[in-house]
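Just need the structure, nothing else, for what follows:
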Amino acid sequence: MEAAKPEFDKYGASLIAISPQTAPNSRKSVRQNNLSFPILSDVKGQVGAAFGLRFSLPDYLIELYKQLKNDLPTFNDDPSWTLPMPARYVVGRDGVILYSEVNPDYTRRPEPEDMIPVLHRPSHLKLD
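Residues are numbered from 1 along each chain as shown. This is a model prediction of the structure:
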C-alpha cells in the first residue's frame with residue numbers, strides 16, 4: 001500500500017489502515033515499516049465486527065500461535081483470539097463505499113492498483 005500511496009495522493013485520497021492491535025503496536029508498525037499513513041486501532045475488534053469481518057481462530061491456529069510465541073490476546077489487548085479478515089474499501093467523500101474487497105484467505109489480497117479506477121470516477125452522490 002505504501003508503494004501505491006503517491007497514486008492515491010494524486011486524487012486527494014487519504015489512505016489509512018485499521019488493525020485490532022493496540023495503539024502502541026500500531027505506531028510501532030508504522031515506524032518499522034516506514035509508513036506514511038496511519039494505522040488506526042480497532043479496540044476489541046468492534047469495527048471488524050461491525051463490518052462482518054471478525055472471526056474466531058480455530059483451536060489448531062490458537063495452538064500454533066501459542067507455539068510461535070504469538071500472544072495475540074496481549075498484542076491486541078483482547079482475550080477473544082479473534083482477527084478480522086483482510087479487507088479493502090474506498091469510501092467516497094459522501095460516505096458511500098465505492099470499492100470493497102474481502103477475502104477470508106489472507107494470502108489472497110488485491111493489488112493496491114485495483115482500487116485506483118474508482119478514484120477516477122467523481123463521487124457525485126450527496127447524503128442529506
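
And the pLDDT at Pro84?
Model confidence at Pro84, expressed as pLDDT, equals 93.

Please look at it and Ala17 and confirm they touch.
No - in this structure, Pro84 is not within contact of Ala17 by C-beta atoms under 8 Å, at 11.2 Å. The way it works is simple: take the backbone N, C-alpha and C, and place the C-beta from them, glycine included.

The two: who's more crowded?
When Pro84 and Ala17 are compared for neighbours, Pro84 comes out ahead with 20 against 15, by other C-beta atoms under 10 Å.

Need phi/psi at that one.
Recorded main-chain torsions at Pro84 are phi -90, psi 150, according to degrees, to the nearest 10.

so where's the chain shaky on pLDDT?
Per-residue confidence of the chain (counting by pLDDT under 70) places the weak regions at 122-128.

Now with 90, please.
Low-confidence regions of the chain, defined here as pLDDT under 90, cover residues 7-8, 10-14, 43, 91-98, 103-128.

now the helices for it?
Under the criterion DSSP state H, the chain contains helices at 5-10, 23-32, 46-50, 59-67, 72-76, 116-120.

Tyr89: which of these is closest?
Among those, the nearest to Tyr89 by C-beta to C-beta is helix 116-120 (10.2 Å).

Glu7 touches Glu113, doesn't it?
Yes - counting by C-beta under 8 Å, Glu7 sits close enough to Glu113 to count as a contact (7.3 Å).
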